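J.: When you get a sec, could you give me coordinates for this:
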Amino acid sequence: MTENEIKLKAIAVLTGVRGDVGTDYVSALLGEVTPAEFLVPAEADPAEIGLAVLDQLSGPWSALVSGFVLAFEAVADAYDEGDPEMSAQEILQALALELAAGDD
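T.: The predicted structure follows:
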């Protein structure tokens, strides 16, 4: 999964929460970002295993947090500009379309 795809998941989570979707949907979206399996060295001690797992989680979770921050900035910028014509949902959808268009 690319960084943009993960950012899109974050925006989908926020859009879903704003649209009153169930928590199962939100959990499923967040679960798609977390690796299902982790590669660890066969002879690793517990500390090395922990670092290997953390290393494999940090990339996707960093992109997820980046997506949440990007979404917040888009909504905050629209609010600061006094744009009452667009709802938060519409701002998030426009941001998602912009990210999706750039994910070639």
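J.: contacts for stretch 88-101?
T.: 4, 7-8, 11-12, 14-15, 18-19, 70-71, 74-75, 78, 86 (Cβ atoms under 8 Å, 6 or more residues apart in numbering). In this view, the C-beta of every residue, glycine as well, is placed from N, C-alpha and C.
J.: of those residues, closest to Leu57?
T.: Among the contacts of stretch 88-101, Lys7 lies closest to Leu57 (Cβ to Cβ), at 16.4 Å.
J.: what about that closest one, which SS state?
T.: What DSSP: H, G, I helix; E, B strand; the rest coil gives for Lys7 is helix.
J.: separation between it and Arg18?
T.: Distance, Lys7 to Arg18, using Cβ to Cβ, to the nearest Å: 17 Å.
J.: Where does the prediction get shaky in the chain?
T.: Along the chain, segments meeting pLDDT under 70 span 83-84, 103-104.
J.: make it 80
T.: 20, 22, 83-84, 103-104 (pLDDT under 80).
J.: re the thing from before, narrow the contacts of stretch 88-101 to those in helices?
T.: Residues of those located in helices (DSSP state H): 4, 7-8, 11-12, 14-15, 18, 70-71, 74-75, 78.
J.: Make a PyMOL selection of the buried ones in the contacts of stretch 88-101.
T.: Per 16 or more other Cβ atoms under 10 Å, the buried members of these correspond to this PyMOL selection:
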select buried, resi 4+7+8+11+12+14+15+70+71+74+75+78+86
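J.: Not counting residues beside it along the chain, what's closest to Val17?
T.: Leaving aside its sequence neighbours, Val17 sits nearest to Val26 (Cβ to Cβ, 6 or more residues apart in numbering; 6.3 Å).
J.: let me fix that: Ala63
T.: Ile6 (3.8 Å).
J.: Quick check: Ile11 vs Ser27, distance?
T.: Applying Cβ to Cβ to Ile11 and Ser27 gives a distance of 16 Å.
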